[in-house]
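[1] Quick one, structure for this:
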Amino acid sequence: MKKEEALKRLDAIEKERKELRAIIEASEKKASRVPNSIKDVWGRKWWISCFGDVLEDGSYDYPSLLSTKERAEAVLALIQLLEIHAAIEQREDVSLWWEDILSIDKNRSVNFFFESEETRDEFYVKHKDLIKTVKNGL
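    Numbering: from 1, shown residues only. As a prediction, this is how the structure comes out:
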């Protein structure tokens, strides 16, 4: 092979290398925004102790860590609301009355269903602080 042919091939290879690098860079920019795992979510350092305290500690990477104190408080409040709601003995058909815990404008929804308007209202009055914490944190 002559020097000129070798240089032409080298130029062609270099051009193809640049095109391939551009394709790779473009595909990286279009990478999914959805993490593959909770471990890929950066900045999670808040956790809930067994005593119900919201604590900060970023030295471990447990799947139960949360990214903000407000979110950890909201999850704790939601756990409490779920348990309180589960403790209410209700009939099978509870679809008539509900309490929308999260506002629709955030594209999130948590609903609790009750067998009567009275039960719903009492739940809301007794636990409005927990409901507010969930709304503010999630």
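
[2] show me where the chain has strands.
    46-48, 54-56, 97-100, 111-114 (DSSP state E).

[3] Tabulate the ones you listed (a markdown table), appending distance to D121.
    C-betas here are computed from N, CA, C, even on glycine. Putting these into a markdown table (distance: least, C-beta to C-beta, whole Å) gives the following:
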| stretch | distance to D121 |
| --- | --- |
| strand 46-48 | 29 |
| strand 54-56 | 29 |
| strand 97-100 | 9 |
| strand 111-114 | 9 |
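
[4] Would you point to the one among the ones you listed that's packed deepest?
    Mean neighbours per residue, mean count of other C-beta atoms under 10 Å, is largest over the strands of the chain for strand 46-48, with a mean of 19.

[5] what's the pLDDT at the residue lying closest to L76 once chain neighbours are set aside?
    Spatially, and ignoring its direct neighbours in sequence, L76 is nearest to I48 (5.1 Å; C-beta to C-beta, 6 or more residues apart in numbering). If you check I48, the pLDDT there is 95.

[6] Check the spacing between I48 and L78 real quick.
    11 Å (C-beta to C-beta, to the nearest Å).

[7] Likewise for R21?
    For R21, the distance to L78 equals 47 Å [C-beta to C-beta].

[8] and this protein, what are its domains?
    What automatic domain parsing lists as the domains of the chain is 1-31, 32-137.

[9] Off-centre distance for the lengthiest helix in the chain?
    In the chain, with assignment by DSSP state H, the single longest helix is helix 3-29. Distance of helix 3-29 from its chain centroid, counting by C-alpha atoms, centre = their mean, to the nearest Å, is 41 Å.
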